[in-house]
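**Student:** Okay, structure incoming, though there's no sequence with it:
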């Protein structure tokens, strides 16, 4: 198990759009926020990830790489629509940002996440960083699957 | 992915009670029969198993061994009670039977499962084999967690 401490922000402008990024497809075998079970294909790799409930920006995370063929079949078992997005990894002032540009019914939504070692860890804000949405459940990927950005 | 073809029976008498067996603890991160997600500790091994919907005696199964410490923490994330049982593996006339003796709120329940290569595969019945319950959803482990044998 890992403890994941993550803050999430909206993104402004287009300076974050650097490089091709990696295509992600993901769905949920459980969207219950007490125990989400996510299937993800990231490029050519498959993953199964279980996360516990959020406590602030912190949650337990268990991630296992699985065969790509399994991940493809497990995506078909998921409840609700599959999320598609392009992830770019950007480094700014020594911090690593994951910028996710959503597609499909969530097109138009771009969010940036930073993983921290502690909840109060300081970091420098890139110019394209918008407002924080860490605690806004609408932006949880598990919720974007069923209530997409285009429906808000 | 594997395809699991399995038939399940009640058990009579006590001739099946041979050897010490292995202690199993298991819980569910999702009990939806379209996509059960099971956490199991079998002796000193941890497993994460996803199964699709049953079609007769057949269902898709994806099983991954995970670290024991992860399995212990994932059991705490499961919804509802944990199932405890002792599994014995018995060979009868060339067929392998898994005999599960339930404990806790399911004490008194003993079921035997045989895994087959095809739904119509023939096998010899051990003397202790009782009535078939393959299609009786009450005996699904995912249901025994929430509606245990003692409550029937």
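**Tutor:** Everything's here; your move. The structure presented is a predicted model; accordingly, all values stated were derived computationally and were not measured.
**Student:** in stretch A:109-122, what counts as buried?
**Tutor:** Across stretch A:109-122, burial judged by 16 or more other Cβ atoms under 10 Å in any protein chain shown covers A:109, A:110, A:111, A:112, A:113, A:114, A:116. All C-beta spots, glycine's among them, are computed from the backbone N, C-alpha and C.
**Student:** Does the third one touch residue A:138 like I think?
**Tutor:** Okay, so that is residue A:111. No - Residue A:111 sits out of contact with residue A:138 when judged by Cβ atoms under 8 Å, with a separation of 11.0 Å.
**Student:** Which stretches in chain A count as helices?
**Tutor:** Under the criterion DSSP state H, chain A contains helices at A:68-77, A:141-144.
**Student:** near chain B at all, the shortest one?
**Tutor:** In other words, helix A:141-144. No - Helix A:141-144 does not reach chain B (Cβ under 8 Å from any Cβ of the partner chain); its nearest approach is 12.6 Å.
**Student:** helices and strands around that helix, which ones?
**Tutor:** Other elements packing on helix A:141-144 under the criterion 3 or more Cβ pairs under 8 Å, 6 or more residues apart in numbering or on different chains; DSSP states H and E are strand A:35-42.
**Student:** how many degrees apart are the strand it packs on and strand B:35-42 in direction?
**Tutor:** On the basis of axes from the mean of the first three to the mean of the last three Cα atoms, to 10 degrees, strand A:35-42 is oriented at 100 degrees to strand B:35-42.
**Student:** Run the chain-centre distance for strand A:35-42.
**Tutor:** 10 Å (Cα atoms, centre = their mean, to the nearest Å).
**Student:** and that strand, which residues are buried?
**Tutor:** Buried residues in strand A:35-42, counted by 16+ other Cβ under 10 Å: A:35, A:36, A:37, A:38, A:39, A:40, A:41.
**Student:** Check which strands are paired with it and give the direction for each one.
**Tutor:** Using DSSP bridges, the strands paired with strand A:35-42 are strand A:22-30 (antiparallel), strand A:45-52 (antiparallel).
**Student:** Pick the most deeply packed of the helices of chain A.
**Tutor:** Burial of the helices of chain A is given as mean neighbour count (mean count of other Cβ atoms under 10 Å in any protein chain shown); helix A:141-144 ranks first at a mean of 20.
**Student:** Identify the residues contacting residue A:91.
**Tutor:** Taking Cβ atoms under 8 Å, 6 or more residues apart in numbering or on different chains, we find residue A:91 in contact with residue A:97.
**Student:** And for residue A:12?
**Tutor:** The contact partners of residue A:12, by Cβ under 8 Å, 6+ apart, come to A:128, A:129, A:130.
**Student:** Now do the residue of chain A found nearest chain B against residue B:13, distance only.
**Tutor:** When scored by Cβ to the nearest Cβ, chain A has residue A:30 as its residue closest to chain B, at 4.1 Å. For residue A:30, the distance to residue B:13 equals 40 Å [Cβ to Cβ, to the nearest Å].
**Student:** These two: who's more crowded?
**Tutor:** Between residue A:30 and residue B:13, counting by other Cβ atoms under 10 Å in any protein chain shown, residue A:30 is the more crowded of the two (23 against 11).
**Student:** Now do the same for that one: its pLDDT.
**Tutor:** You'll see residue A:30 listed with a pLDDT of 94.
**Student:** Would you enumerate the residues in contact with it?
**Tutor:** With contact taken as Cβ under 8 Å, 6+ apart, residue A:30 is in contact with A:36, A:37, A:79, B:29, B:30, B:32, B:35, B:37.
**Student:** CSV for the buried residues of strand A:35-42, including pLDDT?
**Tutor:** CSV is the format used below for those (pLDDT from 0 to 100):
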residue, pLDDT
A:35, 94
A:36, 94
A:37, 97
A:38, 97
A:39, 98
A:40, 98
A:41, 98
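**Student:** Adding distance to residue A:143, write those residues out as TSV.
**Tutor:** Output for the buried residues of strand A:35-42, formatted as TSV (distance: Cβ to Cβ, whole Å):
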residue	distance to residue A:143
A:35	15
A:36	10
A:37	15
A:38	13
A:39	16
A:40	16
A:41	20
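**Student:** Now tabulate the contacts of residue A:30 in JSON lines and tack on distance to residue B:47.
**Tutor:** Formatted as JSON lines, these follow (distance: Cβ to Cβ, whole Å):
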{"residue": "A:36", "distance to residue B:47": "19"}
{"residue": "A:37", "distance to residue B:47": "14"}
{"residue": "A:79", "distance to residue B:47": "22"}
{"residue": "B:29", "distance to residue B:47": "12"}
{"residue": "B:30", "distance to residue B:47": "15"}
{"residue": "B:32", "distance to residue B:47": "19"}
{"residue": "B:35", "distance to residue B:47": "17"}
{"residue": "B:37", "distance to residue B:47": "11"}
